[in-house]
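# Here is my input; please provide its structure:
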Amino acid sequence: MNTVRTHIPKFQKLTSCVTRILGCNPGHMTLQGTNTYLIGTGPRKLLIDAGEENNSEYLSLLQSTLKETNSYISEIIVTHWHHDHVGGVPDVFKMLLNQEGSVAEPKVSKFPRMKAPEFSLGNIPYNFIKDQHVFTTDGATLRAYYTPGHSEDHLVLFLEEENSLFSGDTVLGEGTTVMEDLSDYMKSLEVILNLNPKLIYPGHGPLVEEPVEYVKNYIKHRELRESQIISSLKESLPKSLNLSEIRTHVYKDLNESLHTAAEKNLVLHLDKLVKENVVETYEENAAQKWRFLNRPSL
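Residues are numbered from 1 along each chain as shown. Below is the predicted model:
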């Protein structure tokens, strides 16, 4: 993620059914902070993400918003397991239950993780959902789409009444995101393109007001980097290359302080190419190497 450039108010009513409350957790990886969203035109709200733990400023903003609008939260929808999106759930629960006239505990809904344990919420249970699960409240119908890549459990939410999308960390308002799996991530970008949203509400950064072109540029950037990697491996045949050699080919004249970050990015691309049977990898003298699979044309 890049450094934030656009100022985001800590509280902003964006449409009749969408209010953004900033998580008040600025940082290199969170930009100005995590965007959380209250959804609904009536008193029963859905909350998308809950910020991180022990953030009294965020809790105060959320509490005052609910009080001023005479609203309550019936469900918290978590876009993915990262602590700046789910870590604040127990604190939000505690705040809601201590509110005067509090109602039943809200559900906490998300897609399940498959490869690792869930982020612990103590005694609070998760409500695990499936692809295209529908959430409803007054004025809002949200359909959840499974979009792994940034994380294995990531979801985006399509707001049918507005033809808009809550993208979590799959698409940011500024800069590019980090990924666990590039192959999954690219497929998830195609899911978003196929939904053809008119507006994106991202997990970090300002609104994306021309989302189709914006997402296409994400894809073009990754495709350009991939073509550079393939070209470097083709040009080196029959020799294979190690990671630093590939980085030297692809990132020419890169500052040494950025070598580690660049190599992490390259590994994501190389893993994708190995999955697609375009590149092979093996160990040689305790070093991992990659080679383009040069097949004859049919």
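
# rest of the way, CA atoms for contacts and neighbours
Noted.

# Kindly export stretch 283-298 (C-alpha atoms) in PDB.
C-alpha atoms of stretch 283-298 as PDB (Å, rounded to 0.1, in the frame of the first residue of the first chain):
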ATOM      1  CA  GLU A 283      16.400 -26.200  -6.300                       C
ATOM      2  CA  GLU A 284      20.000 -26.100  -7.400                       C
ATOM      3  CA  ASN A 285      22.900 -25.900  -4.900                       C
ATOM      4  CA  ALA A 286      20.400 -24.900  -2.200                       C
ATOM      5  CA  ALA A 287      19.100 -22.100  -4.200                       C
ATOM      6  CA  GLN A 288      15.600 -21.900  -5.800                       C
ATOM      7  CA  LYS A 289      15.700 -21.200  -9.600                       C
ATOM      8  CA  TRP A 290      13.100 -20.700 -12.300                       C
ATOM      9  CA  ARG A 291      13.100 -21.500 -16.000                       C
ATOM     10  CA  PHE A 292      10.600 -20.800 -18.800                       C
ATOM     11  CA  LEU A 293       9.000 -23.900 -20.200                       C
ATOM     12  CA  ASN A 294       9.800 -23.600 -23.900                       C
ATOM     13  CA  ARG A 295       7.300 -25.700 -25.700                       C
ATOM     14  CA  PRO A 296       7.000 -26.000 -29.500                       C
ATOM     15  CA  SER A 297       3.900 -24.200 -31.000                       C
ATOM     16  CA  LEU A 298       1.100 -26.500 -32.100                       C
END
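
# same question for it, mean pLDDT?
Mean pLDDT, stretch 283-298: 81.

# Just the buried residues of it, please?
289-293 (16 or more other CA atoms under 10 Å).

# Tell me the one among the residues you listed nearest to residue 270.
residue 290 (8.0 Å; CA to CA).

# and stretch 184-201, how far out from the chain's middle?
12 Å (CA atoms, centre = their mean, to the nearest Å).

# Quick one: mean pLDDT for that stretch?
pLDDT averaged over stretch 184-201 gives 97.

# ok, residues contacting that stretch?
By CA atoms under 8 Å, 6 or more residues apart in numbering, the surrounding residues in contact with stretch 184-201 are 146-150, 158, 162-168, 170, 173, 179, 207-212, 215-216, 219.

# Show the buried residues in the residues you listed.
Neighbour-count burial (16+ other CA under 10 Å) is assigned, among the contacts of stretch 184-201, to 146-150, 158, 164-168, 170, 173, 179, 207-208, 211-212, 215, 219.

# so what's residue 138 up against?
Going by CA under 8 Å, 6+ apart, residue 138 touches 40-42, 44.

# So which of those is the closest to residue 251?
Out of the contacts of residue 138, the member with the shortest distance to residue 251 (by CA to CA) is residue 40, at 46.6 Å.

# I'd like the distance between that closest one and residue 46.
Distance of residue 40 to residue 46, given as CA to CA, to the nearest Å: 7 Å.
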